[in-house]
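> I would like to see how this sequence folds:
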Amino acid sequence: MSGNAIHPDFDWQHIARLVLTSRAMDHLEESELVPRKQVLYQFSARGHDLAQAILGSLLTHPHDGVGAYYRSRPLLLSLGLDLEDALAAPLMKSGSYSDGRDIGVVCNLPSRGGASVLPMAGDVGSQYTPAAGWAQAIEYRRTVL
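The predicted structure is shown next:
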């Protein structure tokens with residue numbers, strides 16, 4: 001495939017749906033939930049969404065792992081995060097994947113047959129340590145086991 005050819009296996013309708021869903025969630029949070037103080041921290045994924053939805057569609061192997069960050073909701077949605085969980089997490093409600101913590105945009109997503117989203121923390125750059133460990137584990141499995 002040439003460098004500028006479109007990947008033949010992309011489900012562009014699904015990718016577009018993920019991008020538009022993420023943007024609708026951003027809009028809901030920005031226009032309604034933040035002004036009502038139902039969401040204290042809103043981190044828009046706008047501008048990051050298309051690349052993340054495409055990336056998520058390529059991470060299909062059970063050994064794939066990804067280090068996400070607080071603007072990675074489109075990636076998480078593309079890897080199988082339930083829409084209900086994505087909406088509930090920043091609302092500070094127990095029972096969501098953030099279990100009511102104040103910044104619901106940080107999460108992990110265990111593999112559902114494809115990639116695993118490695119545990120996240122809120123500080124910038126914290127995704128690199130788990131990602132480096134994942135890469136080291138892949139190399140160990142390949143060379144030692």
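> C-alpha only now, for contacts and for neighbours.
Noted.
> nearest the geometric middle of this protein, what residue?
Centre of the chain computed as the mean C-alpha position; nearest residue by C-alpha atoms, centre = their mean is L76, 2.5 Å away.
> return the backbone torsion pair for that residue.
L76 has phi and psi values of phi -60, psi -40 when expressed as degrees, to the nearest 10.
> model confidence for it, exactly?
With respect to pLDDT, L76 scores 92.
> ok, now which ones touch it?
Residues near L76 by C-alpha atoms under 8 Å, 6 or more residues apart in numbering: G56, L109, V117.
> so which of these are in strands?
In strands, judged by DSSP state E, the following of the contacts of L76 are found: V117.
> export the contacts of L76 to TSV and tack on pLDDT and neighbour count?
As requested, those are arranged in TSV below (pLDDT from 0 to 100; neighbours: other C-alpha atoms under 10 Å):
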residue	pLDDT	neighbour count
G56	94	21
L109	78	19
V117	89	22
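> could you dump the contacts of L76 to JSON lines with distance to D9?
Output for the contacts of L76, formatted as JSON lines (distance: C-alpha to C-alpha, whole Å):
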{"residue": "G56", "distance to D9": "13"}
{"residue": "L109", "distance to D9": "24"}
{"residue": "V117", "distance to D9": "22"}
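> on that earlier part again, roughly how far apart are the residue nearest to the centre of the chain and G113?
Note on L76: its distance to G113, by C-alpha to C-alpha, to the nearest Å, is 14 Å.
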